[in-house]
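1. sharing a sequence plus its predicted fold:
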Amino acid sequence: MSNGCPLEDPLLTERVDKLDGKHRMASQLIQDLNVIDTISHVTRERIPERYVHAKGVGAFGVFEVTNKDFTASDYTDAKFLNATGKKTRLFARFSTVAGERGYPDTVRDTKGAAFKFYTEEGNLDWLFLNPEIFLIRDPAKFPSLVHATKRDPASNLPDANMFWDYFNNHPEGYNALMRIFSDEGTPKSYSRMQASSVHCYTFTKKKQDQSWEHTLVRIKLVPDPAIDPDNDYFDLDAATTMAGKDPDWLTRVLYAQISQAQKDPVKNKYPAWKVMAQIVKDPSISPVNIFDATKILPDTVFPWKEFGKITLTECPQNFFTQVEQAGFNPANIVPGWDISPDPRTSEPVHFIHTTALTSKPVLQIRLFAYGDTQRYRLGVNNDQLPTNRPCSYVYSPTRRDGAYNMTNYANARNYIRNDDNSIPPSNYNISFLHWSGSLERFKSVMETMDYTQCNDHYLSMTLKLQENFVTNVAASLSTAQIPTQEKSLDIFKLINSDLAEEIKEALTLRIYVNKRLADTTVGVEAGAEQPHEVGYVPPTAPDPSTGVVNDLFKKM
Ligand code: HEM
């Protein structure tokens with residue numbers, strides 16, 4: 001029993017019974033302490049799933065400093081990076097984003113790759129994405145983005161019309177969609193997938209004259225061995241089939257790769273990534289705003305350089321305590337690794353290329369959002385859970401009590417004295433931002449560069465990926481309403497008019513096929529969630545021109 005007392009037999013129940021003719025009747029007794037105890041525990045087993053990235057798989061591994069193309073300690077004081085060959089234990093979690101905890105892994109989606117480095121100076125969390133850019137640059141759009149990519153509020157079905165309608169109204173997301181709708185959006189394995197920091201972070205280093213040097217970096221993980229774009233991704237049909245055959249495919253494959261490598265590390269490789277950085281010494285030479293999360297930084301200007309390697313070597317022992325209770329947070333940083341970029345690293349930088357320092361507020365709102373959601377999802381003491389607990393020890397006497405406190409510093413003093421910090425730690429970060437200005441009410445606008453990068457990416461795809469991109473977009477768009485399809489085609493025209501033409505043709509064919517299949521009892525072709533006739537308006541997604549929506553907005 002939960003009080004530690006042994007039971008005669010956990011399957012016995014206490015009841016009052018009587019013989020009624022041939023049958024024995026029984027009434028369960030509330031005084032049956034064991035059954036009441038276990039039932040009331042089981043009915044509280046579920047905790048809220050993550051608001052996004054709910055479905056995931058975790059593994060333990062190691063980060064090793066390789067310093068192959070540059071020496072990290074030239075730029076940062078972070079102790080885990082201070083010597084070639086130095087290893088740090090880590091925990092990784094890979095996830096899909098829009099689907100719920102039981103959603104099929106191979107449905108097209110952004111993917112998350114989160115890492116918790118248990119460094120000697122505290123935990124450093126990396127929360128990375130595939131693709132290497134994000135879908136928004138205005139934090140206020142996040143709730144709309146998530147709602148539009150999840151389920152329709154009335155039908156509770158994923159809704160292609162809602163999805164495309166959202167992006168047609170916020171087309172800065174198309175650059176990421178170019179990647180998500182290529183077969184990159186359906187990788188065969190998490191270990192055959194790149195992941196990127198998206199934002200710039202900052203390496204910090206104290207110089208001999210005691211001043212601080214700050215260097216902006218974007219980080220990317222590149223699978224080792226390198227990706228083969230024509231073989232490492234599922235095409236639409238294969239991904240759709242796999243979603244039915246094995247909804248947990250990506251999870252299963254990661255476990256299998258690790259356990260096969262454990263059995264025979266020569267024949268089977270552990271999942272591994274090279275850790276690369278784009279070092280931005282002079283932001284003014286960038287053709288795009290380096291703080292814009294919807295843009296890549298061209299590698300012709302900022303080449304990728306390798307400085308580390310991540311290898312995953314251990315499957316979790318317990319999914320709930322190690323994976324589900326993991327709380328990653330970009331605010332978990334260590335000395336030598338900082339959040340906020342300083343545009344004044346050299347000469348003052350004038351961002352003539354885009355409208356503002358658009359990405360920073362996204363990262364800043366994230367610094368708030370993760371701790372906040374984890375206090376709700378896991379409780380105020382989630383940092384004490386085994387998977388989140390740092391291996392370094394920092395005495396923090398005012399962090400006391402709260403639900404499920406597991407340490408609480410016993411009888412130690414619970415307040416801070418002025419002289420407690422008389423000997424400062426040898427390594428720490430100081431904030432280096434200098435702001436002066438007035439409050440601004442900001443919403444980003446679309447620029448030519450937004451479409452240029454979309455086209456650059458399309459042209460960089462292999463022929464197979466280009467063809468499949470057209471198929472993938474058509475399959476999804478064919479189930480949206482006609483005005484939504486037309487608006488999307490207008491946006492593709494701004495990206496590349498030939499591509500728009502190809503999508504249009506594929507779309508016409510797909511709508512015809514959907515309709516023909518819907519007329520038979522065979523079902524709908526892979527990727528088309530709902531049969532969709534021309535002129536058909538799904539009841540759950542009212543045409544924006546109808547009074548239903550207009551009335552609603554008038555009331556707001
Ligand atoms: C306004 C922007 C964003 C907000 C408000 C936001 C919020 C969230 C929230 C609430 C979660 C669930 C966390 C939990 O329950 O533990 C989450 C998960 C995650 N987010 Fe974000 N996010 C944003 C943008 C981004 C970006 C730009 C990236 C990557 C560069 C990212 C990477 C991740 C990853 C990898 C996870 C999964 C963490 C895990 O495996 O537990 N997010 N995000």
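-> Received the coordinates, thanks.
2. in the stretch 351-500 of the chain, which spans are helices?
-> Ranges of helices in the stretch 351-500 of the chain, per DSSP state H, counting those that start in this stretch, are 360-377, 448-460, 463-477, 482-495, 497-519.
3. what about the third one, distance to the chain center?
-> By that I understand helix 463-477. Its chain's C-alpha centre and that of helix 463-477 lie 24 Å apart, by C-alpha atoms, centre = their mean, to the nearest Å.
4. counting by contacts, list what that helix packs against.
-> helix 160-169, helix 236-245, helix 482-495, helix 497-519 (3 or more C-beta pairs under 8 Å, 6 or more residues apart in numbering; DSSP states H and E). Using the backbone N, CA and C atoms, a C-beta is placed for each residue, glycine as well.
5. which of the ones you listed sits most buried?
-> Among those, ranked by average contacts under mean count of other C-beta atoms under 10 Å, first place goes to helix 160-169 (a mean of 21).
6. who touches the next helix or strand after that helix?
-> Next along the chain after helix 160-169, taking DSSP states H and E as the criterion, comes helix 174-180. Helix 174-180 is contacted from outside by 108-110, 130-135, 167, 185, 294-296, 450-451, 453-454, 457-458, 469, 491, 495, using C-beta atoms under 8 Å, 6 or more residues apart in numbering.
7. swap the cut-off to 6 Å and go again
-> Applying C-beta atoms under 6 Å, 6 or more residues apart in numbering, the contact partners of helix 174-180 are 110, 131, 133, 135, 294, 453-454, 457.
8. pull the distance from the following helix or strand past that helix to the chain's centre.
-> Later in the chain than helix 174-180, the nearest helix or strand by DSSP H and E is strand 195-196. Mean-position distance between strand 195-196 and its chain equals 10 Å (C-alpha atoms, centre = their mean).
9. mean confidence for strand 195-196?
-> For strand 195-196, mean pLDDT is 98.
10. low-confidence stretches in the chain?
-> By pLDDT under 70, the low-scoring segments of the chain are 340-360, 432, 518-556.
11. residues from it in reach of the ligand?
-> Taking C-beta under 6 Å from any ligand atom as the contact definition, the chain meets the ligand at 50-53, 56, 93, 95, 112, 114, 127-129, 134, 139, 142, 198, 293, 326-328, 362, 365-366, 369-370, 373-374, 377.
12. what sits against residue 37?
-> Residue 37 neighbours (C-beta under 6 Å, 6+ apart): 1-2.
13. in the protein, what residue is nearest the ligand?
-> Nearest to the ligand in the chain, going by C-beta to the nearest ligand atom, is residue 112, at a distance of 3.1 Å.
14. tell me the secondary structure at that residue.
-> strand (DSSP: H, G, I helix; E, B strand; the rest coil).
15. give me the beta-bridge partners of it?
-> residue 95, residue 129 (DSSP bridges).
16. can you give me the neighbour number for the nearest residue to residue 363 once chain neighbours are set aside?
-> Counting by C-beta to C-beta, 6 or more residues apart in numbering, residue 363 lies nearest to residue 199, which is 4.6 Å off, once chain neighbours are set aside. Using other C-beta atoms under 10 Å, residue 199 has 25 other residues around it.
17. kindly report the same for residue 197.
-> 21.
18. what of residue 93?
-> Residue 93, neighbours per other C-beta under 10 Å, totals 24.
19. what helices and strands are in contact with the strand or helix carrying it?
-> Using DSSP H and E, the element containing residue 93 is strand 87-96. Here strand 87-96 touches strand 56-65, strand 111-119, going by 3 or more C-beta pairs under 6 Å, 6 or more residues apart in numbering; DSSP states H and E.
20. make it 8 Å
-> On the basis of 3+ C-beta pairs under 8 Å, 6+ apart, strand 87-96 makes packing contacts with strand 56-65, strand 111-119, helix 249-263, strand 304-314.
21. and the second one with strand 87-96, angle?
-> When you say that, I think you mean strand 111-119. Here strand 111-119 points in a direction 160 degrees away from that of strand 87-96 (axes from the mean of the first three to the mean of the last three C-alpha atoms, to 10 degrees).
22. what do you get for the longest one?
-> Here the directions of helix 249-263 and strand 87-96 differ by 150 degrees (the same axes, to 10 degrees).
23. next: the last one.
-> Interaxial angle, strand 304-314 versus strand 87-96 (the same axes, to 10 degrees): 90 degrees.
24. ok, and what's touching the helix or strand just after strand 304-314?
-> Sequence order places helix 319 as the next helix or strand after strand 304-314, per DSSP H and E. Residues from elsewhere that reach helix 319 (C-beta under 8 Å, 6+ apart): residue 58.
25. give the next helix or strand downstream of helix 319.
-> Following helix 319 in sequence, per DSSP H and E, is strand 337-338.
26. would you map out the domains in this structure?
-> 1-45, 448-555 (automatic domain parsing).
27. tell me which of those domains is the most buried.
-> domain 448-555 (a mean of 17).
28. list the buried residues of the strand holding residue 93.
-> Buried positions in strand 87-96, judged by neighbour count with 16 or more other C-beta atoms under 10 Å: 88-96.
29. check the offset of stretch 367-385 from the chain's centre.
-> 17 Å.
30. ok, residues contacting it?
-> Residues outside stretch 367-385 that contact it (C-beta under 8 Å, 6+ apart) are 47-48, 50-51, 127, 321, 325, 327-331, 339, 388-390, 402-407.
31. skipping adjacent residues, who's closest to residue 251 in space?
-> residue 57 (4.1 Å).
32. which residues pair with that neighbour across the strands?
-> Under DSSP bridges, the beta-bridge partners of residue 57 are residue 94.
33. quick test: name the residue nearest the centre of the protein.
-> residue 112 (3.0 Å; C-alpha atoms, centre = their mean).
34. that one: what's it in contact with?
-> 53, 56, 93-97, 127-129.
35. how much space between it and residue 208?
-> 40 Å (C-beta to C-beta, to the nearest Å).
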